[in-house]
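J.: here is a sequence with its predicted model. Questions after.
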Amino acid sequence: MTLSLRVEGLTKSYGERQVLRGVDLAVGRGEILAILGANGAGKTTLLSVIAGVTSPGAGRVRVLGVDVGAHPKAVRGRIGLAAQDTAVYPTHTVVENLRYFGTLGGVRRGELRASVEAVMEALGLTGLRRTLVRNLSGGQRRRLHAGCALVHKPEIVLLDEPTVGADPETRRDLLRLVTSIARDGATVIYTSHYLGEIEELDARVAVLCGGRFLDEGHVGDLVSRHARSELVLQFDGSPPTMSWPGARVEDDLLRLPTSDPAIDIMKAVGLVGVERGRLRSVDISRANLESAYFNILKSEPGP
């Protein structure tokens, strides 16, 4: 695998608050890496350091083999950053914003028009090309914001919660574009609280907590390591005691771990026995990234 990004021993503090605690990371060319974590986990700070916007306390970031701290100008045009807050010019049109950011990214005039047109087409903005940004909807502004980070065709793309507050159409277009640019060889670092997006992108995932990574791996790997499907039996009143490895009671629910729901559901109903009259429903809670994520966080010892 050809590495596009390597982060080694990265630390960052704001006063006495240590935000990053020795972060190490390696991301390959054409890879989508999703960074998950609660607010305050350090995701935005990490992306800002990678982009060269924020200086680390210690450690090193190499983008395409170049040390960002030592040579920030050498990588600036090769990185595209779409921060959480939209940063576009409201008194200018969609096409003017894209042209401006493309020029800042070093796109030559002959290539700029084609790149602007391609981004507008990919994000459904072509029909809004002459519209002032202040007249766009929130979702349209979110698309333009992402487009401004992509119009100069960066090799490293940093998207910090790009779909927050976005409508379903905007989310669909952005996910399609992320998949497309990765397929074309760009490296994408993507943060989001919408775990369904990460599953749809089929990304490699790194879970950040307290300024360090707890675990990382492909979506399927994390789910297999940290989550199991469950049968969820709901009763009138307290659930009966059942001899089932890993069984858990939550109020009127009996949760039974299962690796084969189709077989185990019949077995579980049979074991309910004389209490079957109080059984209200039986559901299957399948293992997914959300359950794996929360289990990873639970494994972190408290301060």
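T.: Yes, it's here.
J.: CA only for contacts and neighbour counts going forward, please
T.: OK.
J.: geometric centre of the protein: which residue is closest?
T.: Residue closest to the mean C-alpha point of the chain, counted by CA atoms, centre = their mean, is Thr191 at 3.3 Å.
J.: which residues does it form a beta bridge with?
T.: Applying DSSP bridges to Thr191 gives these bridge partners: Ile35, Asp160.
J.: and the gap between it and Val282?
T.: Thr191 is 35 Å from Val282, where distance means CA to CA, to the nearest Å.
J.: go on, Leu3?
T.: Taking CA to CA as the measure, Leu3 falls 47 Å from Val282.
J.: quick one: the strands in this protein?
T.: Applying DSSP state E to the chain gives strands spanning 3-14, 17-28, 32-36, 58-63, 66-67, 79-82, 156-160, 187-191, 204-209, 212-218, 229-235, 248-250, 253-258, 279-285.
J.: tell me where the model's unsure across the stretch 151-300 of the chain.
T.: Within the stretch 151-300 of the chain, the ranges that satisfy pLDDT under 70 run 300.
J.: quickly list the domain ranges of this structure.
T.: 3-224, 228-286 (automatic domain parsing).
J.: export those domains to CSV and tack on distance to Leu297?
T.: Formatted as CSV, the domains of the chain follow (distance: least, CA to CA, whole Å):
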stretch, distance to Leu297
domain 3-224, 8
domain 228-286, 15
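J.: skip the chain neighbours and tell me the closest residue to Ser285.
T.: Glu230 (5.1 Å; CA to CA, 6 or more residues apart in numbering).
J.: brain fart, Asp67
T.: Closest to Asp67 by CA to CA, 6+ apart is Val61, at 5.8 Å.
J.: that neighbour and Ala87: what is the separation?
T.: On the measure of CA to CA, Val61 and Ala87 end up 25 Å apart.
J.: mean neighbour count, the domains of the chain: which tops it?
T.: By mean neighbour count, with neighbours taken as mean count of other CA atoms under 10 Å, domain 3-224 ranks first of the domains of the chain at a mean of 19.
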